[in-house]
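Student: return atomic coordinates for the entry below.
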Amino acid sequence: MRDIFKYVSNNDKKINGLFWKIHLSPLLEDFEYVLSVVDNLSVDMGLDYKFVERIEDQLFLSGISSPTTQTGKLITIYPTSEIQTAEIMSRLHGLLTNFDGIEVLSDRPYQDSKIIWYRYGTHLATANSDKEDERKNYFVLPDNVEDIFADDLQFNTGTYIQKKYNFSEILEESSGGNIYIASQSNQKFVVKEARKNVRYSLNVSKLSKRYEEFENAKKDHRGLVAEPVEIVEEPYSVFFVYRLIEGEALGVVSSSENFMMMTDFRQRDLRMKALAQKFITVIEGLMEEGFEEIDIQPNNFVISEDEEIVYIDTEVSDYLTNGESFTTEYFWLDKFSEDSLLIQNFRRTGMMFLFFLGDTNFFLYETRDFDQAFRLGLMRSLDYKFPLNFLNTAFYLLTSPSPNFEKVRDLLDSSTQGDNRIKQEISKMVGKQTDEIGLNGLSGQILLNEDVGEAIEIIQKRVFATEDGKKHISMVDEAKIISPYLSSGLAGVAYVFVNDTRLRESIDVSIFNDLLVPFSKSGDFSNGLLGIVYSNVLLYDALHDSKFIKAATDQMMNLFGLVSIIENKIGVFDFRHGVNTEDYEVLLEIYELLNKRRRTDDV
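Tutor: The predicted structure follows:
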């Protein structure tokens, strides 16, 4: 930690290495007065001291983000003898009897003071002092040093909380107070400590947040949160006791089960869907129970042994003085502050869903770019063979102006099946309207059963070979212009090849190698990459050649770069018409057809 202290010297005598030192931990509102008392006594007694000069640094050392061994140490006095140490503490005690302060964990309190603390530690650093000075979260002395200032009454009774509960584990250490596992009569509890006067934010104490959390827990009548048991107050801390939920945090479950790497896709999808549905039910229930702000992040929820999801950390921030709501890193965007508290809970839930899709929430948090994050989610879904309903649900939660739980459940339950939308779009293309080879021309003529022989003959005549011996097919007569699209070109021929045996018997399948192109200037279905992907899936079904499904997978991955979110609607870039939301509906069907083949045949 950088040097944030101002040093005041009133004595030429210095101690190299370790000796007694005194810390004062006043409240910020009392700091200037306490400092003046220290200054007057130090001048009178010829003592050196240091203090935290800047208010922002005082706030830091009084808050939950400070190192636990440093919290509260706003003023340090350096006596040079045991007599001086005893005298200065006695005089300070007389002048600051009724002053409150922060517990200094590494120190021992002087008598009954809540502001005066002492320990045996480094004055001027030497080569060995850092090794000898054990900075612990509890008072410790070197083997050859005796505490001559201790009051025996301080150590005769112990604390009430330690007598009532058997503490077995520290779950979390914090300057604001630790979280423990404790037991009593074969029952287990979580004990959350709040150290008095440690600040949560500028105008909010950690203690007030723990009280708020306890009161929040009492609102619940459905078993959605950990059950509050009792509050135990001690001199320097207040302890909040809850019944322990036996289970694992959602973040741990995500890591241990590793959804991204599971190869039993059906079992994985069912597991994720079940967790998502239960999670939505918990969030909805919490909101119905009066929880306005829910701190939605993986480690604030536990999956119990009976597979129920429980909210275990209901502590949320008050609005700060600048009007901003509480934020949680990686599960919050500044944009969400424009929404109501209710809508913010939906937004946080959306970030949680992205977390389960390969930590995509981290990318969105860093970039603030919904388009890019959605594309990344599409790519990860395809890469790990996920259905898209999880991703679509996440972005509905993140972008809908008025999300609701009924729609969320519909999206989670929906799994695009069949090809109804595909058939609708193909029916719009089919017709003998041009002399091209696609569905809008000769291939459409075959489907309509009009002059089939003539159409097949023309298609055959348009096949040509290049110098390397590879065969291609021209979209129009003699021009040798190769088009891969459904409406005008080769993808349309492939569609008819798969669906009409008359063409299948009349054409060299090597021409379809021209459908293995990785990119297209447009992403749309009729004259873009989406139609090519579809044709390659069909060719894989018909020819059982893995090169087509591999090409379709690469093309779909590239196609995601042409997907955008416009006015909360998802569309595919169409070179002629801009972003087309109808093509995204087609994409969903083609994605599921592709995903089904890849999962079934492991390609």
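Student: what segments of the stretch 501-603 of the chain are helices?
Tutor: 501-504, 529-543, 546-559, 581-601 (DSSP state H, counting those that start in this stretch).
Student: next, the buried residues of the last one.
Tutor: Applying a neighbour-count criterion of 16 or more other Cβ atoms under 10 Å, one finds 582-595, 597-599 buried in helix 581-601. For glycine as for every other residue, the C-beta is placed from the backbone atoms N, C-alpha and C.
Student: give me the residues contacting it.
Tutor: Contact with helix 581-601 is made by 265, 382, 385-388, 392, 415-422, 425, 523-525, 528, 530, 533-534, 537, 540-541, 546, 549, 552-553, 556, 559, 563, 566, 569-572, 574, 603, as judged by Cβ atoms under 8 Å, 6 or more residues apart in numbering.
Student: what do you get if the cut-off is 7 Å, keeping everything else the same?
Tutor: With contacts defined as Cβ atoms under 7 Å, 6 or more residues apart in numbering, helix 581-601 is touched by 265, 385, 387-388, 416-417, 419, 421-422, 425, 523-525, 530, 533-534, 537, 540, 549, 552-553, 556, 563, 569-572, 574, 603.
Student: how much space separates the nearest residue to I549 once chain neighbours are set aside from Q424?
Tutor: Once flanking residues are discounted, I549 sits nearest to Y540: 4.2 Å by Cβ to Cβ, 6 or more residues apart in numbering. Per Cβ to Cβ, to the nearest Å, Y540 is found 23 Å from Q424.
Student: surely I4 and V52 touch.
Tutor: Yes. Between I4 and V52 a contact is recorded at 5.6 Å, counting by Cβ atoms under 7 Å.
Student: okay, the two: which has more neighbours?
Tutor: Higher neighbour count among I4 and V52: V52, with 21 against 17, using other Cβ atoms under 10 Å.
Student: tell me the bridge partners for that one.
Tutor: V52 forms beta bridges with F5, as assigned by DSSP bridges.
Student: downstream of the lowest-mean-pLDDT helix or strand in the chain, the next helix or strand is which one?
Tutor: Least confident helix or strand, the chain: helix 129-132 with a mean of 60, by mean pLDDT, DSSP states H and E. Moving toward the C-terminus from helix 129-132, the next helix or strand (DSSP states H and E) is helix 160-164.
Student: by contact count, what packs against that next one?
Tutor: Taking 3 or more Cβ pairs under 7 Å, 6 or more residues apart in numbering; DSSP states H and E as contact, there are no helices or strands that helix 160-164 lies on.
Student: what are the buried residues along it?
Tutor: I161.
Student: go on, stretch 104-124?
Tutor: In stretch 104-124, counting by 16+ other Cβ under 10 Å, buried: 104-110, 113-123.
Student: hey, which strand is longest across this protein?
Tutor: strand 187-195 (DSSP state E).
Student: what average pLDDT does the helix or strand following that strand get?
Tutor: Reading on from strand 187-195 to the C-terminus, the next helix or strand found by DSSP H and E is strand 199-201. Per-region confidence: strand 199-201 scores 89 on mean pLDDT.
Student: again, but for stretch 434-442
Tutor: Mean predicted confidence for stretch 434-442 is 92.
Student: give me the contact list for that stretch.
Tutor: Residues from elsewhere that reach stretch 434-442 (Cβ under 7 Å, 6+ apart): 426, 429-433, 443, 455, 458-459, 462, 473, 475-477, 483, 485-489, 492-493, 495.
Student: can I have the buried ones of those residues as a ChimeraX selection?
Tutor: To isolate the buried ones among those in ChimeraX, judged by 16+ other Cβ under 10 Å, type:
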select :426,429,430,431,432,443,455,458,459,462,473,475,476,483,485,486,487,488,489,492,493,495
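Student: next step: the contacts of stretch 434-442 restricted to helices.
Tutor: Members of the contacts of stretch 434-442 lying in helices (criterion: DSSP state H): I426, M429, S443, A455, I458, I459, G492, V493, Y495.
Student: next, give phi and psi for the nearest residue to the second one once chain neighbours are set aside.
Tutor: By that I understand M429. Spatial nearest neighbour of M429, chain neighbours left out: L439 (4.2 Å); criterion: Cβ to Cβ, 6+ apart. When read as degrees, to the nearest 10, the backbone of L439 gives phi -70, psi -20.
Student: can you tell me how far L439 is from K428?
Tutor: Distance of L439 to K428, given as Cβ to Cβ: 9 Å.
Student: look at these two and report which has more neighbours.
Tutor: Under the criterion of other Cβ under 10 Å, the comparison of L439 against K428 puts L439 first, with 30 against 13.
Student: how far away is the more buried one from N536?
Tutor: Taking Cβ to Cβ, one finds L439 at 16 Å from N536.
Student: Provide a list of residues in contact with the closest residue to D339 other than its chain neighbours.
Tutor: The shortest distance from D339 to any non-neighbouring residue, by Cβ to Cβ, 6+ apart, is to R347 (6.4 Å). R347 makes contact with F336, D339, L397, L398, according to Cβ under 7 Å, 6+ apart.
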